[in-house]
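Student: what shape does this take:
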Amino acid sequence: MYVLFLLCALAGILVLPVMLGARFVGAERTGFGPALVAVVLQSCLVFAVGYFAPNVLGVLVGFVLGAVLYAYTLGTTVPRGAGISVVSGGISMVISFLFASSFAIMASAP
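Tutor: Purely as a prediction, here's the structure:
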């Protein structure tokens, strides 16, 4: 039961914002499968860029390559891929904050 809850939470925190961002910018592929592939590839890309360039330049290179990756995976242009990255990052932060605050509320309940 806990594993199922964890998988649903991870899908909500990681994949759902990419799906919403892709729909927001008008990408061709906005389903769960392409968004999941994009998230997995983006995670590998962030790890590789962070390993080779762990500074501000690495963040910028990761953002640009992430936009290219989103554009290729979700069927849109590179500027729209950057938009997907920004929108999904913002949505992920809000979802993570709500998720963490729900645990804080449950922990403080008598």
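Student: spatially central residue in this structure, please.
Tutor: Nearest to the geometric centre of the chain sits residue 14, at 4.7 Å (Cα atoms, centre = their mean).
Student: with adjacent residues omitted, what lies nearest to that one?
Tutor: residue 39 (5.1 Å; Cβ to Cβ, 6 or more residues apart in numbering). Where you see a C-beta, it was placed from the backbone N, CA and C, and this is true even at glycine.
Student: can you check residue 31 too?
Tutor: Of all residues not flanking residue 31 in the chain, residue 19 sits nearest, at 7.3 Å (Cβ to Cβ, 6+ apart).
Student: contact partners for that neighbour?
Tutor: Shown in contact with residue 19 (Cβ atoms under 8 Å, 6 or more residues apart in numbering): 30, 31, 32, 35.
Student: wouldn't residue 13 be in contact with residue 96 here?
Tutor: Yes. Between residue 13 and residue 96 there is a contact under Cβ atoms under 8 Å: 5.8 Å.
Student: where does pLDDT dip in this structure?
Tutor: For the chain, the stretches with pLDDT under 70 are 109-110.
Student: tell me what the longest helix anywhere in it is packed against?
Tutor: Looking across the chain with DSSP state H, the single longest helix is helix 78-108. Applying 3 or more Cβ pairs under 8 Å, 6 or more residues apart in numbering; DSSP states H and E, we find helix 78-108 packed against helix 16-25, helix 56-74.
Student: deepest of the ones you listed, which one?
Tutor: helix 16-25 (a mean of 22; mean count of other Cβ atoms under 10 Å).
Student: where does residue 29 fall, phi/psi-wise?
Tutor: With angles defined as degrees, to the nearest 10, residue 29 sits at phi -110, psi 110.
Student: how far out from the middle of the chain is stretch 23-33?
Tutor: Chain-centre distance of stretch 23-33: 13 Å, with Cα atoms, centre = their mean, to the nearest Å.
Student: many thanks, have a good one.
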